[in-house]
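Participant: Next come a sequence and a model predicted from it.
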Amino acid sequence: MVERRKPIWVKDAIEKVMEWKRLGSIEWVSINECDNRFLGEPLISDHDVPHFDRSPYDGFAIRSEDTLHATSENPVCFEVIDEIGAGQVSPLKVGPFQAIRIMTGAALPQGADSVIMLELVRENLKDNKKTIMIKRKVKTGENVSCKGEDVKKGDHLIQKGSIITPGVKALLATFGYSRVPVIKKPVIGVIATGSELLNVDEPLEHGKIRNSNGYMIESQIIRAGAEVKKYENRADEIESLYTAIETALSECDFIITTGGVSVGDYDYLPEIYKRLGANILFNKIAMRPGSVTTVANIGDKLLFGLSGNPSACYVGFELYVRPIIRYWLHSDTPYLTKAKATLQTDFPKPNPFNRFVRSQIKFVNDRLIVDPVGLDKSNVVSSIAWANCLMVLPGGTRGYKAGDLVDVLLFEDQTGSDEPWTEARKSSKL
Ligand SMILES: Nc1nc2c(c(=O)[nH]1)N[C@H]1C(S)=C(S)[C@@H](COP(=O)(O)OP(=O)(O)OC[C@H]3O[C@@H](n4cnc5c(N)ncnc54)[C@H](O)[C@@H]3O)O[C@H]1N2
Ligand code: MOO
Ligand SMILES: [Mg+2]
């Protein structure tokens with residue numbers, strides 16, 4: 001008799017997984033290698049930015065009070081006493097009716113309190129003496145980038161666990177981080193199982209397929225911010241599969257297997273969990289695809305038994321593995337970013353379970369609209385490539401109509417959510 005599995009709610013499954021969440025430790029890497037890593041310490045400024053008053057324009061540094069009576073009928077003459085470019089500092093102090101020619105980024109010289117742009121003055125050279133004529137009043141502080149206007153010393157700029165984007169990297173450089181504290185990535189072992197699997201470079205044979213899950217999961221692991229340890233594909237053969245998982249357990253923080261978790265004759269994962277003495281957190285979830293997603297723990301290590309069906313495998317990763325990785329990386333928003341969008345086409349298929357539909361979300365006339373992509377079956381691979389989100393259609397008997405507002409989970413958005421998607425349980429059956 002085939003084992004009857006008891007499905008649990010999506011939210012409960014995520015909670016059970018997150019009971020085993022762990023925080024990663026810190027390591028220091030070169031700033032050249034910090035892209036897309038997660039910051040291991042908050043970034044607090046240790047100096048003002050800029051740390052000196054500077055000119056935001058190419059112009060002349062002057063004392064504004066000297067322009068008090070300047071008009072086009074009555075221009076005021078200034079003697080140009082020095083010239084400085086960015087990085088140069090004038091040793092001179094600007095006195096009454098004196099000016100220093102100054103380029104964008106250069107430190108404002110002593111005595112000056114404002115800058116007038118090159119375009120607004122008339123320059124003269126007489127007897128080797130440079131002068132300028134100013135025809136308008138200049139305000140105190142005009143065209144000066146003041147010390148600390150960008151960042152003040154002691155400002156909390158970026159919190160620990162934030163992803164290092166180009167902007168964050170610019171700040172790290174600004175504050176002299178040649179080495180950057182980041183969270184050490186968890187190492188995730190990946191074993192694709194199935195006697196039908198060919199390697200990517202093997203020619204097709206009747207009845208066999210190339211292993212796509214292994215590559216897809218590798219890519220999802222990298223996108224989530226973790227490190228992949230890829231093992232050879234394993235045939236549906238209990239002894240070699242058991243040995244491969246045992247080895248992976250000793251070498252990795254978490255293990256992902258794909259395939260072999262259902263109730264088929266050659267689905268050996270349930271038997272292997274038993275042999276390993278693993279504690280099964282769940283082996284059936286009230287969702288499509290990915291209902292067979294199984295998660296077990298041995299000590300503090302989680303074994304994610306993702307479905308062999310590509311779309312189910314993909315969804316299983318995003319819902320259950322990704323938050324474990326992001327939590328490890330100290331993110332306080334480890335779940336996929338949630339949004340609401342308007343369904344653009346009817347989705348008439350009724351479903352008793354919560355359905356996570358591979359979809360495309362986009363802006364049309366300032367409105368977020370979402371459309372399913374490709375074939376909505378768990379064994380398809382093509383729709384994954386066209387999807388940038390999962391549209392969530394809660395279980396119930398009815399289908400959905402164009403114009404309905406639906407929940408959407410975004411794959412690429414880095415904001416994340418502090419709460420996972422949660423089903424309204426009344427409308428969904430177990
Ligand atoms: N009698 C039942 N049959 C099935 C049930 C069920 O409840 N009762 N569940 C179905 C559901 S739902 C799913 S999902 C699949 C899950 O299957 P497994 O996780 O056991 O995976 P396999 O049987 O090994 O393979 C399923 C399918 O996926 C293809 N596959 C496997 N690995 C890869 C890979 N690395 N790359 C690409 N494709 C892969 C494999 O060839 C199969 O076609 O079970 C249903 N059956
Ligand atoms: O787990 Mo299966 O994906 O429900 O199709
Ligand atoms: Mg199977």
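Facilitator: In hand now; what should we look at? Ligands and ions are numbered 1, 2, ... in the order given.

Participant: for this structure, which helix is longest?
Facilitator: Taking DSSP state H as the criterion, the chain has its longest helix at helix 238-251.

Participant: anything in that one near ligand 1?
Facilitator: No. With CB under 6 Å from any ligand atom as the criterion, ligand 1 is not reached by helix 238-251; the gap is at least 11.2 Å. No exception for glycine: its C-beta is placed from N, CA and C like everyone else's.

Participant: So residue 322 sits against residue 224, correct?
Facilitator: Yes. The criterion here is CB atoms under 8 Å, and residue 322 meets it with residue 224 at 4.8 Å.

Participant: in the longest helix of the chain, what's buried?
Facilitator: Going by neighbour count (16 or more other CB atoms under 10 Å), the buried part of helix 238-251 is 241, 242, 244, 245, 248, 249.

Participant: next SSE after it?
Facilitator: strand 254-258 (DSSP states H and E).

Participant: what's in contact with that following strand?
Facilitator: Under the criterion CB atoms under 8 Å, 6 or more residues apart in numbering, residues 186-194, 213-214, 217, 221, 245, 248-249, 269, 301-308, 313, 317, 321, 324 lie in contact with strand 254-258.

Participant: can you check stretch 105-113 too?
Facilitator: So stretch 105-113 is contacted by 52-55, 61-64, 82, 84-90, 92-95, 98, 100, 102, 115, 140-141, 144 (CB under 8 Å, 6+ apart).

Participant: so what pLDDT did residue 397 get?
Facilitator: In this model, residue 397 is scored at 69, pLDDT.

Participant: Same check on the one 5 residues further on?
Facilitator: Residue-level confidence at residue 402 comes out at 95, pLDDT.

Participant: Any buried residues in the biggest strand by length in the chain, and which?
Facilitator: Longest strand in the chain, counting residues (DSSP state E): strand 354-364. Neighbour-count burial for strand 354-364 flags 354, 355, 356, 357, 358, 359, 360, 361 (criterion: 16+ other CB under 10 Å).

Participant: Regarding residue 169, what is its secondary structure?
Facilitator: Assigned by DSSP: H, G, I helix; E, B strand; the rest coil, the conformation of residue 169 is helix.

Participant: now, which of the buried residues of helix 238-251 sits nearest residue 182?
Facilitator: The closest of those to residue 182 turns out to be residue 248 (CB to CB; 24.5 Å).

Participant: Wait, that closest one touches residue 232, no?
Facilitator: No. With contacts defined as CB under 8 Å, residue 248 does not count as touching residue 232, sitting 10.9 Å away.

Participant: before we move on, the earlier item: how about the longest strand of the chain and ligand 1, touching?
Facilitator: No. On the criterion CB under 6 Å from any ligand atom, strand 354-364 is out of touch with ligand 1, staying 12.5 Å away.

Participant: Pull whichever helix or strand comes after that strand out as CSV, backbone CA atoms only.
Facilitator: Next along the chain after strand 354-364, taking DSSP H and E as the criterion, comes strand 367-372. Taking C-alpha atoms only, strand 367-372 is exported to CSV below (Å, rounded to 0.1, in the frame of the first residue of the first chain):
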residue,chain,number,x,y,z
ARG,A,367,-0.1,49.8,-13.3
LEU,A,368,1.5,46.5,-12.3
ILE,A,369,0.0,43.7,-14.4
VAL,A,370,0.8,40.0,-14.3
ASP,A,371,0.3,37.2,-16.7
PRO,A,372,1.0,33.5,-16.5
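
Participant: in its sheet, what does strand 367-372 sit against?
Facilitator: With DSSP bridges as the test, strand 367-372 is paired with strand 337-343 (parallel), strand 354-364 (antiparallel).

Participant: Quick one, which of those strands gets closest to ligand 3.
Facilitator: strand 354-364 (19.9 Å; CB to the ion).

Participant: Rounded mean pLDDT for stretch 62-69, please.
Facilitator: Rounded mean pLDDT across stretch 62-69 is 98.

Participant: Enumerate the positions of that stretch that are buried.
Facilitator: Here stretch 62-69 shows 62, 63, 64, 66, 67 as buried, counting by 16+ other CB under 10 Å.

Participant: ok, of these, which one's closest to residue 10?
Facilitator: residue 64 (64.7 Å).
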